[in-house]
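Participant: I would like to see how this sequence folds:
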Amino acid sequence: MICGQCAADNPDDNKFCGTCGKVLKPPPAAVAVPGDDGAFYCARHPKSITRLRCGRCDTAICPKCMVQGVAGARCRKCANRRVAVRPAGVLHAAGRAIETGASGLGRPIWYMAIWYFIRSLFFWWH
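Facilitator: Numbering: from 1, shown residues only. Got it, this is the predicted structure:
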């Protein structure tokens, strides 16, 4: 079960999130449309019939509430759980990793390399 607060994946038998400690609530049950196999009513718009479900929490969503992302269709709640990559934060994490003995330095170094490459392309282009 996915936590609604921190988006951590937890076992289905847990009552509380193992990461943040919040109460785990199951996603709303999908209401099937009678006489139409595979069709459901949207969780936010109960009169809209849809066959689309969120790729993360498996909630029935209609095209009005769908947010299209790189990994597919998401409900608005799951689409808001994106974490931005900030260059200053990456530099700070790399500096702290170097101070502590370079353990866990892989990801910040890759982010810095990609950021440098994009920045150099931008200055070369203009």
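Participant: Any stretches of the protein with poor pLDDT?
Facilitator: 4-5, 7, 26-31, 81-108, 124-126 (pLDDT under 70).
Participant: Spell out the residue ranges of the helices in it.
Facilitator: 76-79, 87-99, 106-125 (DSSP state H).
Participant: those strands in this protein, which residues are they?
Facilitator: Counting by DSSP state E, residue ranges of the strands within the chain are 31-32, 40-41, 49-50, 67-69, 72-74.
Participant: Identify whichever of those strands lies nearest to I118.
Facilitator: strand 67-69 (20.7 Å; C-beta to C-beta). For the C-beta atoms, the positions are set from N, CA and C on the backbone; glycine is no exception.
Participant: Counting by contacts, list what the closest one packs against.
Facilitator: strand 72-74, helix 76-79 (3 or more C-beta pairs under 8 Å, 6 or more residues apart in numbering; DSSP states H and E).
Participant: Relative to C65, which of these is closest?
Facilitator: C65 sits nearest to helix 76-79 of all those, at 5.7 Å, using C-beta to C-beta.
Participant: What is that closest one packed up against?
Facilitator: strand 67-69.
Participant: Buried residues in the strand it packs on, which are they?
Facilitator: Across strand 67-69, burial judged by 16 or more other C-beta atoms under 10 Å covers no residue at all.
Participant: now do stretch 60-71
Facilitator: Buried residues in stretch 60-71, defined by neighbour count with 16+ other C-beta under 10 Å: A60, I61, C62, C65, M66.
Participant: if we can go back for a sec, let's have the strands of the chain in a markdown table, adding distance to N10.
Facilitator: A markdown table is the format used below for the strands of the chain (distance: least, C-beta to C-beta, whole Å):
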| stretch | distance to N10 |
| --- | --- |
| strand 31-32 | 25 |
| strand 40-41 | 24 |
| strand 49-50 | 27 |
| strand 67-69 | 22 |
| strand 72-74 | 19 |
